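K.L.:
I would like to see how this sequence folds:
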Amino acid sequence: MNSDNIIEYNLDIIRLVKIYLSYKWFILSVFLIAIAIAFFYNKTAVREYSATVSFYLPTEVSEGSVNSYMRLLPTQSSGIDQLFEDLVFSRRLLVMVSTDLNLKKWYHTPTNDGLTGVLKGHLEFSKKNAIYLLTFSSPYPILCQQVPLKVLEAVDVLNMELELTPKRQLTRIIDPPQIPSSPYKPNTRFTYVVACVFAAIISLLFPLVYIYIKKLLTVFRANAKIHHNKR
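P.N.:
Coordinates of the predicted model:
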């Protein structure tokens with residue numbers, strides 16, 4: 001890069017800085033509005049809490065027991081993982097849980113199908129190495145603790161009633177769920193970061209686009225005036 005290019009480059013930067021300084025109040029207003037929207041969203045959004053129970057499942061189950069279970073549900077199960085997951089998300093178990101915890105008063109849903117839908121949508125079953133995790137999310141912190149425990153209890157009840165496995169207690173709790181003290185949604189910090197990034201994009205682009213359009217309109221009017229004078 002030669003000296004002439006360097007000088008021209010520096011002049012372009014200075015010109016750009018002057019443009020943004022001339023729009024400083026607009027840029028400040030955009031940031032303030034974005035932060036206000038983020039603040040309003042964080043204050044009004046529904047709080048979502050979650051709690052997780054970690055537990056252990058037996059690694060083996062008798063072939064006859066699994067086959068008897070497969071005849072009860074349309075899902076083809078293979079192994080203890082699938083057996084447990086099918087039990088957790090079966091309608092019978094979810095109705096048991098919603099009835100025992102009286103979820104109708106919490107979610108104001110009169111039908112069992114509505115309550116089972118709520119449970120299915122907010123229950124998450126996963127595995128980390130040899131440890132199993134069951135997570136429940138809800139706007140109500142106490143339910144985040146109660147639902148996973150009640151689900152494991154219902155699994156053992158169905159296991160005994162239907163004689164799915166030789167074991168009377170299918171699950172062994174390692175870490176019980178705790179009542180969450182703070183929500184995981186909305187993510188306050190993330191919301192403010194998104195708002196500031198969005199404001200920065202608008203602040204950087206709008207002045208340049210506005211000036212460009214203004215120049216185009218000026219050229220268009222000048223050409224129209226010349227064309228009119230020629231007539």
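K.L.:
Got phi/psi on Ala45?
P.N.:
Here is the backbone geometry of Ala45 (degrees, to the nearest 10): phi -70, psi 150.
K.L.:
ok, now which ones touch it?
P.N.:
Applying Cβ atoms under 8 Å, 6 or more residues apart in numbering to Ala45 gives the contacts Lys185, Pro186. For the C-beta atoms, the positions are set from N, CA and C on the backbone; glycine is no exception.
K.L.:
Kindly provide the distance from the residue nearest the centre of the chain to Val46.
P.N.:
In the chain, the C-alpha nearest the mean C-alpha coordinate belongs to Lys185, at 7.4 Å (Cα atoms, centre = their mean). Using Cβ to Cβ, to the nearest Å, Lys185 is found at 8 Å from Val46.
K.L.:
Tell me, please, the helix or strand in the chain that averages the lowest pLDDT.
P.N.:
helix 63-70 (a mean of 45; mean pLDDT, DSSP states H and E).
K.L.:
Can you name the element that comes right after it?
P.N.:
helix 79-88 (DSSP states H and E).
K.L.:
how about the CA coordinates for that following helix, as CSV?
P.N.:
Extracted in CSV, the C-alpha atoms of helix 79-88 (Å, rounded to 0.1, in the frame of the first residue of the first chain):
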residue,chain,number,x,y,z
GLY,A,79,-33.2,-53.4,26.0
ILE,A,80,-33.7,-51.7,29.3
ASP,A,81,-33.2,-48.2,28.0
GLN,A,82,-36.1,-48.5,25.5
LEU,A,83,-38.2,-50.3,28.1
PHE,A,84,-37.8,-47.4,30.6
GLU,A,85,-38.4,-44.7,28.0
ASP,A,86,-41.5,-46.4,26.7
LEU,A,87,-42.8,-46.7,30.3
VAL,A,88,-42.1,-43.0,31.1
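K.L.:
Neighbours of the closest residue to Leu152 other than its chain neighbours, how many?
P.N.:
In space, and not counting its chain neighbours, Leu152 is closest to Thr171: 4.8 Å by Cβ to Cβ, 6 or more residues apart in numbering. Taking other Cβ atoms under 10 Å as the criterion, the count of residues near Thr171 is 20.
K.L.:
can you pull out the helices in the protein?
P.N.:
In the chain, the helices defined using DSSP state H lie at 3-22, 24-44, 63-70, 79-88, 91-100, 104-107, 112-122, 141-162, 188-230.
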